[in-house]
Structures are given as structure tokens and as C-alpha cells.
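> any chance you could fold what I've pasted below:
(one chain, ligands or ions: 1)
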Amino acid sequence: MRVAVIGGGMAGLSCALALSRRGADAVVFEAEAQPGGKVKSRSEDGWLSEDGPHFLSRPLDALLEATQLSAEVVRPSGPATRFVHLRGRVLRAPSLRLLFSAGIPRALLEPLLARPPREDTSLREFLVARFGRRAGSLAATLLAAGVYAGDPAQLSAREAFPGLSRTRSILLGALRRRGPGLWSLRRGLGTLAEATAAKLDLRLGAEVKKLAPAGREWDVYVDAKPERFEAAVLAVPSAAAAVLAGEFAPRLVAALRAFSSAPVTVVHLGFRENGLPRGFGMLDADGTLHGIGTLFPSSMLPGRAPEGHALLTAICGGAQHPERAALSDAGLVAAVCGDLQKTLGIRRDPNYLRIVRHPLAIPQYSPGHGARVSAARELLRGLPPVELAGAAYDGVSVPDVVRSGTAAAERLF
Ligand SMILES: Cc1cc2nc3c(=O)[nH]c(=O)nc-3n(C[C@H](O)[C@H](O)[C@H](O)COP(=O)(O)OP(=O)(O)OC[C@H]3O[C@@H](n4cnc5c(N)ncnc54)[C@H](O)[C@@H]3O)c2cc1C
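Next up is the predicted model:
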């Protein structure tokens, strides 16, 4: 079977790898000059920075083995301190002050009050019902910001955090859970995309402009002359899939436009290290900082900054403040540096700067998401073999999109 996989992010790459393992002839079309989509790393002058994800929270053993990267896995070291910006102050998490500000005494009753959600409610409503207004709102804000750069009142508890709503008591579940922990790769997560891509027939700088049915097959147009394939996989953001679907399924266009994404701009700043805070990073619970979250990559991972320096990475914008992601480069740097001065007392100028813009960074799963995904997939019936894969549909984390791409390959067989 000859399959066109459109999109060379981790969903498309994983899909193509699974197809080739089944003996199919998969060709990946990627618009950009480098594979990986959101998963790219840049190494320059001793700095190593990520375009998107810094850590993965679930194992990807089969992919690491296939790409011979198992020995490159690194885990966060150093103090795991997390800071929370709450009511204008920076608090350590967990700390007694944060617990009391968050209304933790009421939250401790959760195992007694917990009920599975009867309907698809927002993350905020769900957690407030479980933990009380103060602790529930704070938990929802931090979870929505940390995972989706999202709005807790708009995200669906059930669809965006399926594990949460399945757990009888979130508190007891969290106490019991012993997960495999966060991990990354020594030379950056981008090496996972590069190594996967190296195993595939990949066309870079190959934006698919048109996808058109040709009998029971597909014609793929990168330029005027089409290439014929027996099946196609749309592993692109839903907005790009909607543009392609315009050629062959008008109802699918409307279905795909119902999925929304939040924009995010990543601001990497390098500083001389002396006196900088160490830890995992800081989340903004107030919504007043430009960085929804600021990671301290060089405090946790080896090789992220030159000797004597530290790398800080602010994630700006998101569903609640998309305008912040759209600020000019100079405006963003000034705003983030101002926030760092106010919160962490960092007064010096950065001596490394890198800005990465993601206009469609993270899909936002609002109530009804699962039904919308099923409806969109239903509209593929009757067409020549075609699948939808990626962060828009089956989970936004990298392990989720790897699973989504692999599952799309399995469905084609
Ligand atoms: C700032 C940020 C931080 C994140 N942090 C984490 C984290 O810590 N942990 C985690 O697990 N996940 C994280 N994520 C989420 C995760 O990285 C993404 O959800 C995931 O990588 C998306 O993969 P994908 O293959 O579905 O889509 P993408 O990576 O968007 O890939 C789609 C590809 O399709 C290409 N394309 C689009 N249109 C066309 C066309 N017409 N023709 C050809 N190619 C086309 C694009 O160029 C792109 O390369 C983060 C994301 C961002 C933005």
C-alpha cells in the first residue's frame, strides 16, 4: 500500500514508522525544512533550547528502541522546587503558605465528597465541586495552564484530563501513584523527531497544497503535478486539515473548524547564573504575568546553557491571553524581563535570546470534544482510505500523538 502522510510532526512520523513496519510504502510530506513540528531543538553557542516540549511524562520505549535513543534519556535532576505566582507573591509548592492560601483544609475532604462527573463539565467546575472554591479554582488554573496553556472554564474535565474524571478520589490517586516520571533526551527532544525521520521516506519543504480523490485513490499536490497514493493520513493541525478537506468534503471542513487551538510564543532567555533561583519553574496562577509558565531548563537538565549560565524559558500567550503571544519580539522580551524582575528579582539583561512562535500551539478540548472527533471521523466514510491523526483529536501530549499516529496506521490496515 502506498500512503501519503501529510505532516511531519510526531503524529505523522509515528504513523509513517508504523506503516513502514507493516510493509507499506509511506511518504511523509512536511511543509517546513525540518521534521518534528512542535518537537524541535536548537543547539547554538553552548545553549540548547526546545521549540515546544521539554519533558515527556509517559514512556515511549518502543520508539526509543526503534530510534536507538534509549541511552540518551535524561531525567530532571537538582531541586524539583516549583514556584507559584499567587496574589502577587511567589510561593513555593507545596508550602504551608500556599496550602492555606489555596484552601487545602476543605480540599482534604475530597475523598469523602468525590463523585464521578455526571456530565461533561468544565475543568474548573469539576475541580471546584471536588476541592472547594479556592483550592479547586487554583488546581484548575494550574492544570489548565501547565498542560494546555488553556482556560479552565472552557476545557472539558473529561476530555482534556480523562485520568482525573475516572479517578474515584484524585487526592488518594495522587498519593498512591508512582509514575515513571518525567524524561527528556540529552541533546533535546528534537533528536527523537530527527531520528524517527531518518528511518522514513520524508519530503521536506513539501507543503501539500491540494488533496483530491482519484477514483478509490488520492492525488497529492505539492506543485502542479500530482502524485498518486492508495491512502492518505492528515497529520496536520485541524485548521490545515480543514483547508485540504475543502477539495473533497465540505461538511468535514465545518467539522474541523470546530476544533480550536491556543497560540503560544516561547521566549528563551539566557543569563549569568549567579544567584538565580533553581528548580523546575514557576506557574502564574494570577494571570497577570506574560509567561503563563516559566521553566528553568538548565537547572534540571544537563547541557542546556554554557558553563556559569542559566536558561529560562517563558511560555507566553495561551487561550486566556492570546494577545500576549502576538507581541513583537522586543515587546515580549521587555515584558518577560519585567515579570522576572518583579517575581524572581532578576535585574540583569539576558545574554541569549531566542523566540519561537506557535500560532496554533495547543488544541483546546472543550466539552463535547470526543463527540466532535467521532463526527469528524464519521465524515471520512465513503472517501478513499483516509485518516485523521495528531494533537487536535486524541490527546495533546507527545506520547498521545505518537499513539494517535500509530493508531491511524493500524486503522488503514
Ligand atoms: C510550547 C509547547 C510546549 C509543549 N510542551 C509539551 C510537553 O512538555 N510535553 C508534551 O508531551 N507535549 C507538549 N506539547 C504538545 C506537543 O508538543 C504537541 O501537541 C505535539 O508535538 C503535536 O504533534 P502533531 O504531530 O500532532 O502536530 P505538529 O507538531 O503541529 O505537526 C504538524 C506538522 O504538519 C506540518 N504541516 C501543516 N500543514 C501542512 C501541509 N499542508 N503540508 C505538509 N505539512 C504540513 C507542520 O509544518 C508540522 O510540522 C507542547 C507544545 C507546545 C507548542
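> show me where this protein dips below the pLDDT cut-off.
Per-residue confidence for the chain (pLDDT under 70) gives these ranges: 94-118, 171-180.
> which positions in it make contact with the ligand?
Residues of the chain lying near the ligand by CB under 6 Å from any ligand atom: 6-12, 29-32, 37-39, 52-56, 207-208, 235-237, 240, 264, 266, 315, 358, 361-362, 390-391, 396-398, 401. In short, each C-beta sits where N, CA and C put it, glycine included.
> 5 Å instead?
Counting by CB under 5 Å from any ligand atom, the residues of the chain close to the ligand are 7, 9-11, 29-32, 37-39, 52-53, 207-208, 236, 240, 264, 358, 361, 390-391, 396-398, 401.
> among those residues, which are in helices?
M10, A11, A240, V398, V401 (DSSP state H).
> ok, back up a step: buried subset of the residues of the chain next to the ligand?
When these are checked for burial by 16 or more other CB atoms under 10 Å, the buried set is 7, 9-11, 29-31, 37-39, 52-53, 208, 236, 240, 264, 358, 361, 390-391, 396, 398, 401.
> so which of the residues you listed belong to strands?
Judged by DSSP state E, the subset of those located in strands is F29, V264, H358, A361.
> how about E387: what's its closest non-neighbour residue?
In this structure, E387 finds its nearest non-sequential neighbour in A408, 3.9 Å apart by CB to CB, 6 or more residues apart in numbering.
> I should have written W47 there, sorry.
Using CB to CB, 6+ apart, the closest residue to W47 is Y352 (5.2 Å).
> from the ligand, how far off is that neighbour?
18 Å (CB to the nearest ligand atom, to the nearest Å).
> beta partners for that residue?
G270 (DSSP bridges).
> just give the number of residues close to it.
19 (other CB atoms under 10 Å).
> can you check S77 too?
For S77, the count of nearby residues is 10 (other CB under 10 Å).
> pretty sure it contacts M300?
Yes: contact criterion CB atoms under 8 Å: S77 and M300 qualify, at 6.5 Å.
> give me the common contacts of those two.
Between them, S77 and M300 share no contacting residue under CB atoms under 8 Å, 6 or more residues apart in numbering.
> what about L17, how many neighbours?
24.
> quick one: buried residues of the host helix or strand of it?
Here L17, judged by DSSP states H and E, is contained in helix 10-21. Neighbour counts using 16+ other CB under 10 Å place M10, A11, G12, L13, S14, C15, A16, L17, A18, L19, S20 of helix 10-21 among the buried residues.
> turn those into a markdown table, including distance to S374.
What follows is the buried residues of helix 10-21, written out as a markdown table (distance: CB to CB, whole Å):
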| residue | distance to S374 |
| --- | --- |
| M10 | 23 |
| A11 | 18 |
| G12 | 22 |
| L13 | 25 |
| S14 | 22 |
| C15 | 20 |
| A16 | 25 |
| L17 | 26 |
| A18 | 22 |
| L19 | 23 |
| S20 | 28 |
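> which among those residues gets closest to the ligand?
Closest approach between the buried residues of helix 10-21 and the ligand, by CB to the nearest ligand atom: A11, at 3.4 Å.
> contacting residues for that closest one?
G37, A235, A389, G390, A391, V401, V402, S404, G405, A408.
> tell me the contacts of the fourth one?
Under the criterion of CB under 8 Å, 6+ apart, the neighbours of G390 are G7, G9, A11, G12, L234, A235, V236, P237, V401, S404, G405.
> which non-adjacent residue is nearest it?
Spatial nearest neighbour of G390, chain neighbours left out: A11 (3.8 Å); criterion: CB to CB, 6+ apart.
> give me the number of residues near D45?
8.
> report the contact partners of it.
D45 neighbours (CB under 8 Å, 6+ apart): P306, Y352.
> hey, where'd the helices end up in the stretch 251-400 of the chain?
Secondary structure of the stretch 251-400 of the chain, counting by DSSP state H, counting those that start in this stretch: helices at 297-300, 322-325, 329-344, 369-378, 398-412.
> deepest-packed of those, please.
Highest mean neighbour count among the helices of the stretch 251-400 of the chain (mean count of other CB atoms under 10 Å): helix 297-300, with a mean of 24.
> contacts for that helix?
49-50, 54, 76-80, 273, 276-280, 304-305, 309-313.
> and L276, how many neighbours does it have?
Neighbours around L276, by other CB under 10 Å: 18.
> please state the backbone phi and psi of it?
phi -80, psi 150 (degrees, to the nearest 10).
> looks like it contacts I346 (just checking).
Yes: the criterion here is CB under 8 Å, and L276 meets it with I346 at 6.6 Å.
> what sits in contact with each of those two?
Common neighbours of L276 and I346 (CB under 8 Å, 6+ apart) are L312.
> before we move on, back to that, chain center to the helix holding L17: distance?
Put simply, helix 10-21 sits 19 Å off its chain's centre (CA atoms, centre = their mean, to the nearest Å).
> before we move on, back to that, dump the contacts of G390 to JSON lines, plus distance to A249.
Converted to JSON lines, the contacts of G390 look like this (distance: CB to CB, whole Å):
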{"residue": "G7", "distance to A249": "18"}
{"residue": "G9", "distance to A249": "22"}
{"residue": "A11", "distance to A249": "20"}
{"residue": "G12", "distance to A249": "20"}
{"residue": "L234", "distance to A249": "11"}
{"residue": "A235", "distance to A249": "17"}
{"residue": "V236", "distance to A249": "15"}
{"residue": "P237", "distance to A249": "17"}
{"residue": "V401", "distance to A249": "23"}
{"residue": "S404", "distance to A249": "20"}
{"residue": "G405", "distance to A249": "21"}
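> between these, which is nearest the ligand?
Once CB to the nearest ligand atom is applied, the member of the contacts of G390 that ends up nearest the ligand is G9, at 2.0 Å.
> what's the separation between the closest one and V27?
Distance of G9 to V27, given as CB to CB, to the nearest Å: 16 Å.
> now E44
In terms of CB to CB, E44 sits 31 Å off from V27.
> check which residues of stretch 50-67 are buried.
Quick answer for stretch 50-67 (16+ other CB under 10 Å): E50, D51, G52, P53, H54, F55, L56, L60, L63, L64, A66, T67.
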